[in-house]
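K.L.:
my questions are about this predicted structure, shown below with the sequence.
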Amino acid sequence: MSGHSKWHQIRRQKGVNDSRRGQLFTRLGREIIVAVREGGGGDPDANFRLRMAVQHAREANMPMDNIERSIKRAVGGGEGVQLAELTYEGYAPGGAAILVQVMTDNRNRTASEIRNVFSRNGGNLGESGCVDWIFEPKGVIEVKIDGKSADDLTMAAIDAGADDVDTPGPDDDVLMVYTEPAQLETVRQALETKKLDVVKAESTLIPKTKVELVDKEAMQALRLIEKLEDLDDVQNVYTNAEIPDEVAEQYAS
């Protein structure tokens, strides 16, 4: 996996800076609830998915009272336990793949909203299975560079069990480390044992191939992705679009 585009940096920053706090906390609470239900109970030490969900919530400065309330609600079988996890697949302008993960208590509402966003922003909602084969599950760990040698950090990551590492760009402040999903926690702990500053660790989907978009199509794809991410039921949006740095900067400005 080579390169680390400006768009990746902007998306990471937008996740922290631009999200409406209430909407963000709702998404995080849903992830906690489903993690309890699907991951094996309300103990983060024994439930890896819940541990990751709690970590994401704390990174977003979600109050511990909210986190604990979501766990108790899920353990008690109350509101939110009937959330369904769904995936929608389609294409952005220019043919880039789009995969949308949602959690919803109303499938019809969510399907209508997703369909409308695709159609109004130049995309096409596809059939199940049309693009999911393009993506593979990976663990991704962000390690703060903090003046350290990228080569030294890369060797430390490989020694810790990482599969791959992105070559950081001159403006990057973190090193992107990739693992098999099952090894995410093991590698994270090994990196922290080496006294490295782990900024974030999560399971995600990485595209096996990418589609380069330019000019108008790139801007349209960015707009489609942002509109999808703005929907309340959407948890994650993945794409194999390769966006030029100058287009990403123009869109963010």
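P.N.:
Okay, I see it. The shown structure was predicted, so the numbers you read here are calculated from the model rather than taken from an experiment. Numbering: from 1, shown residues only.
K.L.:
which parts of the stretch 1-150 of the chain are strands?
P.N.:
Secondary structure of the stretch 1-150 of the chain (DSSP state E, counting those that start in this stretch): strands located at 84-91, 97-104, 124-125, 135-144.
K.L.:
if I pick residue 203, what's in contact with it?
P.N.:
Listed by C-beta atoms under 8 Å, 6 or more residues apart in numbering, the contact partners of residue 203 are 52, 137-140, 181, 184. Glycine gets a C-beta too; all of them are placed from N, C-alpha and C.
K.L.:
what do you get for residue 31?
P.N.:
Residue 31 makes contact with 53, 56-57, 103, 235 under the criterion C-beta under 8 Å, 6+ apart.
K.L.:
cool, and residue 178?
P.N.:
Neighbouring residues of residue 178 by C-beta under 8 Å, 6+ apart: 1, 138-141, 162-166, 206.
K.L.:
Throw the contacts of residue 203 into a markdown table and include distance to residue 117, thanks.
P.N.:
What follows is the contacts of residue 203, written out as a markdown table (distance: C-beta to C-beta, whole Å):
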| residue | distance to residue 117 |
| --- | --- |
| 52 | 27 |
| 137 | 25 |
| 138 | 26 |
| 139 | 29 |
| 140 | 26 |
| 181 | 28 |
| 184 | 31 |
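K.L.:
pLDDT check: weakest of these?
P.N.:
Across the set of these, residue 52 stands lowest in pLDDT, at 82.
K.L.:
how about that residue: what's its closest non-neighbour residue?
P.N.:
The shortest distance from residue 52 to any non-neighbouring residue, by C-beta to C-beta, 6 or more residues apart in numbering, is to residue 202 (6.1 Å).
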